[in-house]
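In: This is a predicted model, with the sequence first.
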Amino acid sequence: MELQFYKYQGTGNDFILADNRDGKYASLTNEQVKKLCDRRFGIGADGLMLLNEKQGFDFEMKYYNADGKEGSMCGNGGRCIVKFAYELGIHKEIYKFIASDGGHEAKINEAGIVSLKMKDVHTISKFHNDFILDTGSPHYIKLSSNVMDIDVYKKGYEIRHSKEFDEEGINVNFVEQLEEPDKIIVRTFERGVEDETFSCGTGVTAAAIVCYHNENGFNDVEVKTLGGTLTVEFDRLNDSRFENIWLCGPAEKVYEGSVQL
């Protein structure tokens, strides 16, 4: 089987995408996905997505982690697949698609910035002095100073594979609050990739929610990652209710090609 693929990246979080509206890649195996995502023996990516037909929606987002297994929601992946849909000729003022965590809306502005509406967050748990919340994927938020000096792989691996999280896995974010109350830096160790990625959309969203700057009402947080800058907009209703959450940033095609499986 020949796979026609498209490589996209959103602030350095990179993905292999394929148009599967006719179902021709339905037989793609987990082992094939893992090989395609391998950076030495394949195309190389943090994950792979299939754009599927779905009644009642513009499309379905089927996401696989780099380890070949089906993954939970991916925020940057969601933004990239919306740009992919646009470049396939699916043009909408508001995109409506479904992913593993349910329905999403998205839009693209004139500058090419893709804004993706995330699921509401109604629970934030404390774990020791850190935070745990689900933004479509489970995230561990650890507030830190001098985040650029942290060994993210070592410390992230330790938390992700600790007895509390080893079975289900969790994404681990190290977050530094800058002097400006609406600006943070985030570095993320991602489960499924089992390494630090240049950016993680659901992680950025989780970190921004924990680091709100407006006690009640609208928040707009600028987030710096290794791969670039994202913004997260949301309404804070109380200590555990965050709604109307939008993840905003660039999503760009890198190249396209075909590979024999």
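Out: Structure received.
In: Let me see the domain layout of this structure.
Out: The record, using automatic domain parsing to delimit domains, assigns the chain the ranges 2-115+251-260, 125-249.
In: Now do the longest one, average pLDDT.
Out: Confidence over domain 125-249 (mean pLDDT, whole number) is 97.
In: And that domain, end to end?
Out: By Cα to Cα, to the nearest Å, the extent of domain 125-249 from end to end equals 27 Å.
In: coming back round to it: format the domains of the chain as TSV; extra columns: mean neighbour count.
Out: Using the backbone N, CA and C atoms, a C-beta is placed for each residue, glycine as well. Formatted as TSV, the domains of the chain follow (neighbours: other Cβ atoms under 10 Å):
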stretch	mean neighbour count
domain 2-115+251-260	18
domain 125-249	19
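In: Go through the protein and flag its longest strand.
Out: strand 228-238 (DSSP state E).
In: Could you name the helices and strands sitting against that one?
Out: Strand 228-238 is packed against helix 201-210, strand 217-225, strand 241-249, with contacts defined by 3 or more Cβ pairs under 8 Å, 6 or more residues apart in numbering; DSSP states H and E.
In: what's the nearest residue to Tyr8 if we skip its chain neighbours?
Out: Cys80 (4.0 Å; Cβ to Cβ, 6 or more residues apart in numbering).
In: Tell me who's in contact with the one you found.
Out: By Cβ atoms under 8 Å, 6 or more residues apart in numbering, the residues touching Cys80 are 8-10, 13, 15, 17, 49, 114, 251.
In: Doesn't it belong to a helix?
Out: Yes. Under DSSP: H, G, I helix; E, B strand; the rest coil, Cys80 falls within a helix.
In: returning to that earlier point: looking at the helices and strands packed on strand 228-238, which is nearest to Lys69?
Out: helix 201-210 (16.5 Å; Cβ to Cβ).
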